[in-house]
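# give me a model of this one.
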Amino acid sequence: MLLHEYRICLPFTIEEYHIGQLYMICKHCEIESSKDEGVEVVRNEPITNENGLVGQLTEKRLYLSSRLPTWIRSLIPNLFYITEKASNFYPYTTTEYTCSFLPRFSIMVETRYENNNGTTENCHSLSPDELAIRKLEYLDIATERIPDYKYKESEDPCKFKSTKTGRGPLTATWRDYMKPIMCAYKTVRVRFEVWGFQTRVEDFTQRAVRDILILAHRQAFTWMDEWYGMSMDQVREYEREMFERTNKKVLQSTAPIISPISTPTTTNNTIFD
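All right, here's what the predicted structure looks like:
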């Protein structure tokens, strides 16, 4: 198993990002979905934990075959999807990714959001053994490089200035002085217990997760004028519309049965929250 912890700061409060997170997830589902691939929302319903806290359980199918390296595609069927199950008790979320025909493969993501710039030493209360194998990385949305083919000037935090809040552009030292500021603390556990492929697949998966996190959180900031000021009711309606549109596109060819979607009551989660 590979255990990484990523810390990603954003120029929001966690209260503001409660809205922005949901908007970003829904927009990503729409962008990534096409006739043949994308995101199918299977369940989206309220849950209550053992302490009586109400959250949201979301289950999705992520159709990704053509986006994988050839050496991985050779191991899987043509109709390939990963199941994502997310339990969101914001500002704490857990998300698990599994694949039915690869029972020894899983990704577990735990996220905590705090109003600081990444200074909490052991946010997830990892054990001494886990701390010993953890790889810790601070990901800066202003300075981390992204592939040229994914770069958009409108999504560059160093060039974007919010018309609604006046925040931005970000500089190389923005985390030292920006107010407000919050941090997403993410632990990512990757398991692929197949002899001969374990190290390669786990390394590839962690690199892919890292790239997704950088791009998604850059977008969370540079899309902020689209969602800033929305109410939770407005975001819920946007979520409902996006999930219906996404399912219609994806299920035209990937699944014959459309699963019902419950009316949401809070935010859901993905790997790039």
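# quick one, helices of the stretch 51-200 of the chain?
Using DSSP state H, counting those that start in this stretch, the helices of the stretch 51-200 of the chain run over 70-73, 128-133, 174-177, 198-222.
# of these, flag the one that's most buried.
helix 198-222 (a mean of 19; mean count of other C-beta atoms under 10 Å). (C-beta placed from N, C-alpha, C; glycine too.)
# what's it packed up against?
Secondary-structure packing of helix 198-222 (3 or more C-beta pairs under 8 Å, 6 or more residues apart in numbering; DSSP states H and E): strand 2-10, helix 14-32, strand 105-114, strand 135-139, strand 182-192.
# okay, these in CSV with mean neighbour count and mean pLDDT next?
Output for these, formatted as CSV (neighbours: other C-beta atoms under 10 Å; pLDDT from 0 to 100):
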stretch, mean neighbour count, mean pLDDT
strand 2-10, 21, 97
helix 14-32, 21, 89
strand 105-114, 20, 96
strand 135-139, 14, 97
strand 182-192, 22, 96
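# of the helices of the stretch 51-200 of the chain, which approaches Arg191 most closely?
Arg191 lies closest, by C-beta to C-beta, to one member of those: helix 198-222, at 7.3 Å.
# can you name the next helix or strand after the closest one?
Next helix or strand after helix 198-222 toward the C-terminus (DSSP states H and E): helix 224-227.
# that next one - what's its average pLDDT?
Here helix 224-227 scores 97 as its mean pLDDT.
# and for stretch 62-79?
Rounded mean pLDDT across stretch 62-79 is 61.
# now render the helices of the stretch 51-200 of the chain as a markdown table, adding distance to Tyr92.
Formatted as a markdown table, the helices of the stretch 51-200 of the chain follow (distance: least, C-beta to C-beta, whole Å):
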| stretch | distance to Tyr92 |
| --- | --- |
| helix 70-73 | 31 |
| helix 128-133 | 17 |
| helix 174-177 | 22 |
| helix 198-222 | 17 |
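# out of those, flag the one nearest Arg145.
Proximity to Arg145 (C-beta to C-beta) singles out helix 198-222 among those, at 8.5 Å.
# got the angle between that closest one and strand 2-10?
Here helix 198-222 runs at an angle of 10 degrees relative to strand 2-10 (axes from the mean of the first three to the mean of the last three C-alpha atoms, to 10 degrees).
# gap between helix 198-222 and the chain center?
9 Å (C-alpha atoms, centre = their mean, to the nearest Å).
# all further residue positions should be reported with the first residue as 434.
Sure thing, new numbering starts at 434, so read that last one as helix 631-655.
# name the residues that touch stretch 648-655?
441, 443-445, 450, 453-454, 457, 461, 572, 574, 579, 583, 587-590, 593, 601, 603, 617, 705-706 (C-beta atoms under 8 Å, 6 or more residues apart in numbering).
# does Gly453 really touch Glu659, like I thought?
No: Gly453 is beyond contact range of Glu659, at 9.1 Å (criterion: C-beta atoms under 8 Å).
# mind listing residues that contact stretch 605-617?
With C-beta under 8 Å, 6+ apart, stretch 605-617 has contacts from 439-447, 449-450, 544-553, 573, 575-576, 600, 603, 650, 706.
# ok, 7 Å please
440-447, 450, 544, 546-551, 573, 575-576 (C-beta atoms under 7 Å, 6 or more residues apart in numbering).
# what does stretch 541-560 give?
440, 442, 446-447, 450, 524-529, 567, 571, 608, 614-622, 704, 706.
# quick check: end-to-end length of it?
Chord length of stretch 541-560, first to last residue, is 16 Å (C-alpha to C-alpha, to the nearest Å).
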